[in-house]
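Peer 1: 3D model of this:
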Amino acid sequence: MPAASIDDGRICHMENSIDHPAALDGRGSIAIQFVEDALAVARRRGLALAPMLADAGIAPARLLQPRARVTVTSFGQLWRSLADAMDDEFFGLDSHPMRRGSFRMMCHAVLGASTLEQALRRQIRFLGLVLDDQRAVLRREGGDAVVVVESLRAGVPLFAYGTVMTLLLGLGCWLVNRRVPITCLDFAAPEPTHAAEYRLLFGERTRFGAATTRLVFDASALELPVLRRAAELDDFLTEAPANFLVRYRNPHSFAARVRRCLREVEPEDWPDFQTIARTFRSTPSTLRRRLDEEGQPYQAIKDALRRDLAIELLAMPGSSVLDVAYRLGFAEASAFHRAFRRWTGASPGAYRDRANDARD
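Peer 2: Predicted structure coming up:
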C-alpha cells in the first residue's frame, strides 16, 4: 500500500486500493429507523421481508437495535427489492403506486431541461401524475426558491415527505452536477426520535411540526444549467438510489474538505487539528468556528468516519474485530468495543456475525 504523508502542512494524496479505507469511503451509513420506515407498508401487507433483508445484507436482529446502522449500499438494495416486490418505487406510501420504471421516465423527462428551475418544474409535474396524496409547487419568494408540498389526505407520514424531497434533490443535484445548499426544510409531521438523522441528510435547519412541508434554498440556484446528458443516465440509474443517500454535500464546505483529507490517510495516522488547519492555510480558531457553523466539529467528523468504516470493514468476509480496531486507530480492542456499541448498540463481533448470517 502506498504510504500517506503529511508534508509542510499539506496532506499528500495517495492511491486508493481495496485494502485501504479510502476505497470504502463516500457511502456512509443509514440509521435503522429509516429501514423500519421503508419496510412499514410491506410489513402491513404481509410480504416476505426476510429474503429482501438478506439480499440487502441486513440481519433481521438489527431491526431490534435502536442505534443500529446499515450501509447506504444495503439500504439502496433494500429500496430496489421493495420496489420489485410491490411494483412501487415509493415504498407503498402513496394511495397510487409509483410503478417500477417511473423514476427512469422522470429522468428522461428532465434531461432536456436547460436550467435547474425548468428541471424541478418538470419533476414536480411528473410526480403529480404518479402520486395522489401529495402535490408540490415551486415558487419564487424574493431571493428564495420554495418548494411547497401539500398533503391531499390526512396522515401522510414523514417518510413520504422525506422521500419526495430525496427524489427532487437527488435528481436535481445530479443534473447540475453540484449540491444545492438548503436554507431550511420544514416538515408537516411530528418530530421523530431520529430527527438528528433527518438533519444529517437535509441540514441542521430541518424542522418538524410545521403547518406545511416547505423546502427553501437560494433562488439563484434555479439558474444553474443542466449539465448531464442522456449518455450518462444509465450509469446514474445503476447507482440509484444509493447515490441519492450519500447526499450531495457541498464539496467546497470545510467539513467536506476535512473529510476528504482524512479519507486519504489511515485513521491511525489522522493529523491533529492544528495540522488540519495548516492544510487549509487557516488558524485553528477560524477553522473550528467554520466547522461549528456547519454543525460538524472535527471530533464529530472523525467519529462518523470511523463508525462508517467500521460498519463497512466488519461486513467484509473474513474480517477480524481486532484487525478492524487497529485499522481504525484504536490502541486497544476494548476501546473499539465501547465506541462501536455506543455508535450502533451492538458489539462489533455480534455485528460482524449478523452480517455473515445475512449473506448466508
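Peer 1: what's the longest helix in the chain?
Peer 2: Assignment by DSSP state H gives helix 158-176 as the longest helix of the chain.
Peer 1: could you say what helices and strands that helix packs with?
Peer 2: helix 32-44, helix 102-110, helix 116-130, strand 134-141, strand 144-151, helix 195-202, strand 213-218, helix 242-245 (3 or more C-beta pairs under 8 Å, 6 or more residues apart in numbering; DSSP states H and E). For the C-beta atoms, the positions are set from N, CA and C on the backbone; glycine is no exception.
Peer 1: And the helices in the stretch 251-360 of the chain?
Peer 2: 254-263, 273-279, 284-293, 298-314, 321-327, 333-344, 348-359 (DSSP state H, counting those that start in this stretch).
Peer 1: Turn these into CSV, including distance to R179 and mean neighbour count.
Peer 2: Putting these into CSV (distance: least, C-beta to C-beta, whole Å; neighbours: other C-beta atoms under 10 Å) gives the following:
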stretch, distance to R179, mean neighbour count
helix 254-263, 9, 20
helix 273-279, 22, 18
helix 284-293, 17, 15
helix 298-314, 17, 20
helix 321-327, 30, 18
helix 333-344, 26, 17
helix 348-359, 31, 19
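Peer 1: so can I have CSV of these showing mean pLDDT?
Peer 2: Formatted as CSV, the helices of the stretch 251-360 of the chain follow (pLDDT from 0 to 100):
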stretch, mean pLDDT
helix 254-263, 84
helix 273-279, 92
helix 284-293, 87
helix 298-314, 85
helix 321-327, 89
helix 333-344, 86
helix 348-359, 70
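Peer 1: which stretch among those comes nearest A242?
Peer 2: Closest to A242 of these, according to C-beta to C-beta: helix 298-314, at 13.1 Å.
Peer 1: just the angle between the closest one and helix 254-263, please?
Peer 2: 50 degrees (axes from the mean of the first three to the mean of the last three C-alpha atoms, to 10 degrees).
Peer 1: Pipe the helices and strands packed on helix 158-176 into JSON lines and attach mean neighbour count and mean pLDDT per row.
Peer 2: Listed next are the helices and strands packed on helix 158-176 as JSON lines, based on neighbours: other C-beta atoms under 10 Å; pLDDT from 0 to 100:
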{"stretch": "helix 32-44", "mean neighbour count": "18", "mean pLDDT": "96"}
{"stretch": "helix 102-110", "mean neighbour count": "17", "mean pLDDT": "95"}
{"stretch": "helix 116-130", "mean neighbour count": "18", "mean pLDDT": "97"}
{"stretch": "strand 134-141", "mean neighbour count": "15", "mean pLDDT": "97"}
{"stretch": "strand 144-151", "mean neighbour count": "18", "mean pLDDT": "97"}
{"stretch": "helix 195-202", "mean neighbour count": "18", "mean pLDDT": "82"}
{"stretch": "strand 213-218", "mean neighbour count": "20", "mean pLDDT": "96"}
{"stretch": "helix 242-245", "mean neighbour count": "20", "mean pLDDT": "70"}
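Peer 1: before we move on, the earlier item: which one of the helices of the stretch 251-360 of the chain lies nearest to G57?
Peer 2: helix 348-359 (5.0 Å).
Peer 1: Give me the pLDDT for R27.
Peer 2: The model reports R27 with a pLDDT of 46.
Peer 1: Equivalent analysis for V246, please.
Peer 2: Reported pLDDT for V246: 57.
Peer 1: And the one 3 residues further on, by the same measure?
Peer 2: At R249, the pLDDT value in this model is 46.
Peer 1: circling back: which one of the helices of the stretch 251-360 of the chain lies closest to R205?
Peer 2: Here helix 284-293 is closest among the helices of the stretch 251-360 of the chain (C-beta to C-beta), at 12.0 Å.
Peer 1: could you say what helices and strands that closest one packs with?
Peer 2: helix 254-263, helix 273-279, helix 298-314.
Peer 1: one more time with 7 Å, if that's ok
Peer 2: helix 254-263, helix 273-279 (3 or more C-beta pairs under 7 Å, 6 or more residues apart in numbering; DSSP states H and E).
Peer 1: mind putting those in CSV, distance to P297 included?
Peer 2: Listed next are the helices and strands packed on helix 284-293 as CSV, based on distance: least, C-beta to C-beta, whole Å:
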stretch, distance to P297
helix 254-263, 9
helix 273-279, 10
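Peer 1: among these, which is nearest V41?
Peer 2: Taking the helices and strands packed on helix 284-293 one by one with C-beta to C-beta, helix 254-263 is closest: 34.5 Å.
Peer 1: counting contacts, what elements does the closest one pack onto?
Peer 2: Against helix 254-263 (3+ C-beta pairs under 7 Å, 6+ apart) you get helix 273-279, helix 284-293, helix 298-314.
Peer 1: Need the per-residue pLDDT for G142.
Peer 2: On the pLDDT scale, G142 gets 93.
Peer 1: From here on, call the first residue 26.
Peer 2: Will do, 26 is the new start, and the previous item becomes G167.
Peer 1: what about it, how many residues close to it?
Peer 2: Applying other C-beta atoms under 10 Å, we find 7 residues neighbouring G167.
Peer 1: Excluding residues flanking it in the chain, which one is nearest it?
Peer 2: Nearest residue to G167, sequence neighbours excluded (C-beta to C-beta, 6 or more residues apart in numbering): A244, at 7.7 Å.
Peer 1: same question, F279
Peer 2: R315 (4.4 Å).
Peer 1: Adding distance to W295, write the helices and strands packed on helix 183-201 out as JSON lines.
Peer 2: Shown next, in JSON lines, are the helices and strands packed on helix 183-201 (distance: least, C-beta to C-beta, whole Å):
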{"stretch": "helix 57-69", "distance to W295": "27"}
{"stretch": "helix 127-135", "distance to W295": "38"}
{"stretch": "helix 141-155", "distance to W295": "37"}
{"stretch": "strand 159-166", "distance to W295": "42"}
{"stretch": "strand 169-176", "distance to W295": "38"}
{"stretch": "helix 220-227", "distance to W295": "21"}
{"stretch": "strand 238-243", "distance to W295": "33"}
{"stretch": "helix 267-270", "distance to W295": "25"}
